[in-house]
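1. here is a sequence together with a model predicted from it:
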Amino acid sequence: MRQQETFKEIALRPYIFVIAAFAAFCVYYGSSIILESRSANYHFSADTDFFSGLADGQIVERAARFHPLTVGLALFWMSVFKPLTSFIEESRILMAMFAGIGAAGVCAALWAFSAVVPRRYVLLCGIIYGSSLSIWYFSSIEESKILTATLSTLYIALYLNIRQNWSNTRAVLLTVTLFAACMNEIVSGFLVVIPAVDILLRRGWKFDELKWLVPHALVAPFALLLLELVVNGVVFTRGTSDEGGSHLKLLLYYMADSKWNLEQIYIFILKWVLFSFVAPTSTIVSYYNEGGFFEPTFLSYFTAAGPALLIIAVTIMVAACLVPGRGTTHSRHTPLLLALAAYSLLRGVFFFIWYSSEPLLQSAPVLSAHMLILLICFTASSFPYKHSLLSAFAAVLFVSNATFIIGPTQLSPTEYRYERHYSQQETLLRH
């Protein structure tokens, strides 16, 4: 007990956030160099080429149309650190930005966990979040998804703190975060479901409790109008591409190419929940023009000791959550758990309908919601060895995903670069 109390005291001191961010940055930045050296930064349909050119001022129009915040931040970052290009490669400087965004997401996750999980578990929860495959991988390549994931996690962390201690200033900050997330990916508007469902379940249909949600929720349609009328209408003239001309064209284009059947539901859930969390193997299957993917089967987790142990541990954790125990803690968080589940379900249904083949690419922004659901319930359970299990879980997760990051799989980027439905004339602009 004394050891636990000591850990509880140091778990959330300010320097812990600094150390966690620095450690995460070092891991992600080092991983970016490793992945690039073996041409492994194009997997899971990642649009790495859309953003890597920003290192020397090249703007891919489609990326700027739909992810203007990532593009704008990258151009600003490169302008600030331009003096360093005499000593450091431009691509390395850009990689540092994405690694830093991922590290900021780890801090946001620590803040979120601190609001709902006992303090002695918070640091372990942050390590698990930062070691998860989708967060680790997308922090180590040039991709907009890690910025969406970080802003989504920050939004959840802000709401969890507002939920405990309301203030108008925090509500404004929450709204600004939502707007930023929507300007990077309009589907981030689904985040509004979290406070809406939570407040409705806790307070009911009381106008005084819900009135702030009306202007808050209008941020998403406002961002869409801004993207379509200004970014796609003024900054860039509307393109003729069936895919990249507008958000509506993008939606209809991929819906026509999506598959909806029982097999695809199984594959989608596998990638959305498990593959996003832990790599089943250190090898992937290569597909022309699509980078690489894991073989879409649950049994692949039992071909290596590390992933198999993690699946067993998750099973134990879920079972512990279901065993009757400290019911008061569970019931206190039930509205929040349902709200987080609603957000993941809504985002998942949208991406399944829109383009069911890319769930892993879109899964990072819901990982914090999935982890909060599992870890809130587990840390509140009556399982006797929670700290030991979480410590072992964090260590094995890090080693298993590191095995994939440094693994031998190699894919030539020439199989992928600028060949998916785009013409050279419409794709590349010089800043």
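-> Nice, thanks for sending it over.

2. tell me where the stretch 251-400 of the chain has helices.
-> 262-269, 305-322, 327-355, 359-362, 364-379, 386-405 (DSSP state H, counting those that start in this stretch).

3. report all helices and strands that the host helix or strand of residue 169 contacts.
-> Using DSSP states H and E, residue 169 falls within helix 168-184. Using 3 or more C-beta pairs under 8 Å, 6 or more residues apart in numbering; DSSP states H and E, the elements in contact with helix 168-184 are helix 68-80, helix 145-164, helix 213-217, helix 219-226. Using the backbone N, CA and C atoms, a C-beta is placed for each residue, glycine as well.

4. show me the residue at the heart of the chain, geometrically.
-> Nearest residue to the geometric centre of the chain (C-alpha atoms, centre = their mean): residue 364, 2.5 Å.

5. residues in contact with that one?
-> Residue 364 makes contacts with 134, 135, 138, 145, 146, 148, 149, 276, as judged by C-beta atoms under 8 Å, 6 or more residues apart in numbering.

6. go again using 10 Å as the cut-off
-> Residues near residue 364 by C-beta atoms under 10 Å, 6 or more residues apart in numbering: 102, 105, 132-139, 143, 145-150, 152-153, 276.

7. so how far is the first residue of stretch 43-59 from its last?
-> Distance across stretch 43-59, first residue to last, is 21 Å (C-alpha to C-alpha, to the nearest Å).

8. distance from that stretch to the middle of the chain?
-> 18 Å (C-alpha atoms, centre = their mean, to the nearest Å).

9. give me the mean pLDDT for that stretch.
-> Averaged across stretch 43-59, the pLDDT comes to 86.

10. stretch 373-381 too?
-> On average, stretch 373-381 scores 92.

11. stretch 154-164 now?
-> Stretch 154-164 shows a mean pLDDT of 91.

12. can you pull the buried residues of that stretch?
-> Residues 154, 155, 156, 157, 158, 159, 160, 161, 162, 163 are the ones in stretch 154-164 that count as buried (16 or more other C-beta atoms under 10 Å).

13. would you mind putting the CA coordinates of it into PDB?
-> Provided in PDB are the C-alpha atoms of stretch 154-164 (Å, rounded to 0.1, in the frame of the first residue of the first chain):
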ATOM      1  CA  LEU A 154      -7.400  16.600 -26.400                       C
ATOM      2  CA  TYR A 155     -11.100  17.200 -26.900                       C
ATOM      3  CA  ILE A 156     -12.000  14.200 -24.800                       C
ATOM      4  CA  ALA A 157      -9.500  15.300 -22.100                       C
ATOM      5  CA  LEU A 158     -11.000  18.800 -22.000                       C
ATOM      6  CA  TYR A 159     -14.500  17.500 -21.800                       C
ATOM      7  CA  LEU A 160     -13.700  15.100 -19.000                       C
ATOM      8  CA  ASN A 161     -12.300  18.100 -17.000                       C
ATOM      9  CA  ILE A 162     -15.300  20.300 -17.900                       C
ATOM     10  CA  ARG A 163     -17.500  17.500 -16.800                       C
ATOM     11  CA  GLN A 164     -16.000  17.700 -13.300                       C
END
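
14. residues touching residue 376, list them.
-> 113, 116, 117, 125, 321, 329, 330, 332, 333, 336, 337, 340.

15. list only buried entries from the residues you listed.
-> Counted by 16+ other C-beta under 10 Å, the contacts of residue 376 give 113, 116, 117, 125, 321, 329, 330, 333, 336, 337, 340 as buried.

16. hang on, the earlier thing: residue 303: which of the buried residues of stretch 154-164 is nearest?
-> residue 156 (33.9 Å; C-beta to C-beta).

17. wait, which of the buried ones among the contacts of residue 376 is closest to residue 397?
-> Relative to residue 397, the closest of those is residue 125; by C-beta to C-beta it sits at 11.7 Å.

18. next one, pLDDT for the closest one please.
-> 94.

19. list the contacts of the nearest residue to it once chain neighbours are set aside.
-> With sequence-adjacent residues excluded and distances taken as C-beta to C-beta, 6 or more residues apart in numbering, residue 125 is closest to residue 113, at 4.2 Å. Contact analysis of residue 113 by C-beta under 10 Å, 6+ apart lists 11-12, 119, 121-126, 128-129, 157, 160, 368, 371-372, 375-376, 379.

20. what are the buried residues along the helix or strand hosting residue 24?
-> Assigned by DSSP H and E, residue 24 belongs to helix 14-37. For helix 14-37, burial by neighbour count (16+ other C-beta under 10 Å) applies to 16-17, 20-21, 24-25, 27-29, 31-32, 35-36.

21. ok, now stretch 378-396?
-> Buried positions in stretch 378-396, judged by neighbour count with 16+ other C-beta under 10 Å: 378, 379, 380, 381, 383, 386, 387, 389, 390, 393, 394, 396.

22. make a markdown table out of the helices and strands packed on helix 168-184 and add distance to residue 265.
-> Formatted as a markdown table, the helices and strands packed on helix 168-184 follow (distance: least, C-beta to C-beta, whole Å):
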| stretch | distance to residue 265 |
| --- | --- |
| helix 68-80 | 30 |
| helix 145-164 | 22 |
| helix 213-217 | 29 |
| helix 219-226 | 27 |
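
23. which of the ones you listed is buried the deepest?
-> helix 145-164 (a mean of 24; mean count of other C-beta atoms under 10 Å).

24. shaky segments in the protein?
-> 1-12, 206-209, 233-245, 286-291, 324-331, 408-431 (pLDDT under 70).

25. does the residue nearest to residue 125 count as helix, strand or coil?
-> Secondary structure assignment for residue 113 (DSSP: H, G, I helix; E, B strand; the rest coil): helix.

26. circling back: other SSEs contacting the helix holding residue 24?
-> Applying 3 or more C-beta pairs under 10 Å, 6 or more residues apart in numbering; DSSP states H and E, one finds that helix 14-37 contacts helix 48-52, helix 90-116, helix 119-131, helix 133-139, helix 386-405.

27. out of the ones you listed, which one sits most buried?
-> Of those, the one with the most neighbours on average (mean count of other C-beta under 10 Å) is helix 133-139, at a mean of 29.

28. and the helix holding residue 169, which residues are buried?
-> For helix 168-184, by 16+ other C-beta under 10 Å, it's 171, 173, 174, 175, 177, 178, 179, 180, 181, 182, 183, 184.

29. tell me the one of these nearest residue 96?
-> residue 184 (18.7 Å).
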